[in-house]
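*Asks:* Output the structure for:
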Amino acid sequence: MAVVHQEAGPAPLVLDEADWRTREAAHAERADALTAGARARRERGEAHAVEDFLYTYYPWPPGRLRRWHPGAGVVLTGAGAVGRAGWAHYAAAQAPDGAAGAAVDAAGIAAQRAPVVRLAGRVLAATLTRPAQLGCFGLHEWAMVHGTPAGGIRHSSLPLRLGSAGTDAVVESHRIRCSHFDAFRFFTPTAVPRNELQPRSDTRAELEQPGCLHATMDCYRWAQKLSPAVPGELLLDCFELARDVRVLDMRASPYDVSGYGLTAVAIETPQGKAEYVAAQRGFARRAEPLRRRLLAVCELLAAAGSATG
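*Replies:* Residues are numbered from 1 along each chain as shown. Take a look at the predicted model:
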């Protein structure tokens, strides 16, 4: 069995069993509340064009969000904690007072996922240095259906609010400057040359900026990729932000989402543009502290990897 060795430096946070069990229960309750609709739809075999994105593009199923982790740098003590030492990415550990327990194996994660940790750190740190660019108006979703007949669009269950011709006209009358590779790669062939930027998977750190809705949702991506080194509370904060951003993403899209009880953000109008920018600015503010917390996890993992390497 692996053992976590505490290196010289700040003493780890120690949670006794009563404390971490309380946090674990609160986490499961919050996760259940956030995913109740998705779990009910799965039981009924129903799809949801807005929320399913959170479980398909980001591949964790709702149930996986229930499992709480303390994050790296925390020692759990008590009988239940000792049992965690056998979990994936955990190891036996001792509190400074000698109490037996378990902790996330930060050094092991750093070794196994070194490229991911480095990429996450680079992207998060670079994004934090840039001002939010707020003039994209969510046109990435429109560019994903440009020049496509109604029957061939990505969300075929939803009608286009302005029809195919009207949607194409919006794309063709606006400046498009999408900086996010994972949005850009879904642009239709006719929309690709209209984008002023040509992001690639290897230019994320050079291009991502905090005003981008997809970059903000990707705080949840990084939380998944760094788990269980990410505290459960931070994971759910990132998930909740991604869920809220996704709603704006689809309200501002070319699709008619009124069937889900959502009103359109008509970005083809001055009023819709103003509404979009205000919401976009608010999400950028919400994401900043989450990015900083995720970056701190990357730095902790990098330090753990260096200490054992």
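*Asks:* which stretches of the stretch 151-300 of the chain form helices?
*Replies:* 163-172, 181-184, 204-207, 213-226, 232-251, 270-308 (DSSP state H, counting those that start in this stretch).
*Asks:* how about the residue nearest to C298 when sequence neighbours are not counted, secondary structure?
*Replies:* Leaving aside its chain neighbours, C298 sits nearest to G121 (3.7 Å; criterion: CB to CB, 6 or more residues apart in numbering). Placement of C-beta: from N, CA and C, glycine included. Here G121 is recorded as helix under DSSP: H, G, I helix; E, B strand; the rest coil.
*Asks:* My understanding was that G121 contacts L295; is that so?
*Replies:* Yes: between G121 and L295 a contact is recorded at 6.3 Å, counting by CB atoms under 8 Å.
*Asks:* coming back round to it: highest average neighbour count across the helices of the stretch 151-300 of the chain?
*Replies:* helix 213-226 (a mean of 24; mean count of other CB atoms under 10 Å).
*Asks:* Give me the helices and strands touching that one, please.
*Replies:* helix 114-128, helix 181-184, helix 232-251, helix 270-308 (3 or more CB pairs under 8 Å, 6 or more residues apart in numbering; DSSP states H and E).
*Asks:* Out of these, which is closest to L226?
*Replies:* L226 sits nearest to helix 270-308 of all the helices and strands packed on helix 213-226, at 5.4 Å, using CB to CB.
*Asks:* Show the contacting residues for the nearest residue to V14 once chain neighbours are set aside.
*Replies:* Counting by CB to CB, 6+ apart, V14 lies nearest to A95, which is 4.5 Å off, once chain neighbours are set aside. Contact analysis of A95 by CB atoms under 8 Å, 6 or more residues apart in numbering lists 12, 14, 75, 77, 101.
*Asks:* Filter those residues down to the buried ones, ChimeraX style.
*Replies:* The buried residues among those can be selected in ChimeraX (16 or more other CB atoms under 10 Å) with this line:
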select :12,14,75,77,101
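*Asks:* Among the contacts of A95, which pair sits farthest apart?
*Replies:* P12 and T77 (10.8 Å).
*Asks:* what about the closest residue to G78 other than its chain neighbours, how many residues close to it?
*Replies:* Distance criterion CB to CB, 6+ apart; nearest residue to G78, sequence neighbours excluded, is E17 at 2.7 Å. Applying other CB atoms under 10 Å, we find 16 residues neighbouring E17.
*Asks:* Surely E17 is in contact with G83?
*Replies:* No: counting by CB under 8 Å, E17 does not reach G83; the two are 10.9 Å apart.
*Asks:* now the stretch 51-200 of the chain, which segments are flagged as low pLDDT?
*Replies:* 150-151 (pLDDT under 70).
*Asks:* all strands of it, in order?
*Replies:* 74-77, 90-94, 100-104 (DSSP state E, counting those that start in this stretch).
*Asks:* Could you export these as a markdown table, including distance to G282?
*Replies:* Formatted as a markdown table, the strands of the stretch 51-200 of the chain follow (distance: least, CB to CB, whole Å):
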| stretch | distance to G282 |
| --- | --- |
| strand 74-77 | 31 |
| strand 90-94 | 37 |
| strand 100-104 | 32 |
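*Asks:* who wins for proximity to T35 among these?
*Replies:* The nearest among the strands of the stretch 51-200 of the chain, by CB to CB, is strand 100-104 at 23.3 Å.
*Asks:* what lines up beside that closest one in the sheet?
*Replies:* Using DSSP bridges, strand 100-104 pairs in its sheet with strand 74-77 (antiparallel), strand 90-94 (antiparallel).
*Asks:* got a list of what P254 touches?
*Replies:* 141-142, 145, 160-162, 167, 170.
*Asks:* again, only this time at 10 Å
*Replies:* Shown in contact with P254 (CB atoms under 10 Å, 6 or more residues apart in numbering): 138-139, 141-146, 153, 155, 158-164, 166-168, 170-171, 264, 267-268.
*Asks:* ok, of the residues you listed, which come out buried?
*Replies:* Members of the contacts of P254 classed as buried by 16+ other CB under 10 Å are 138-139, 141-146, 153, 155, 158-162, 164, 167-168, 170-171, 264, 267-268.
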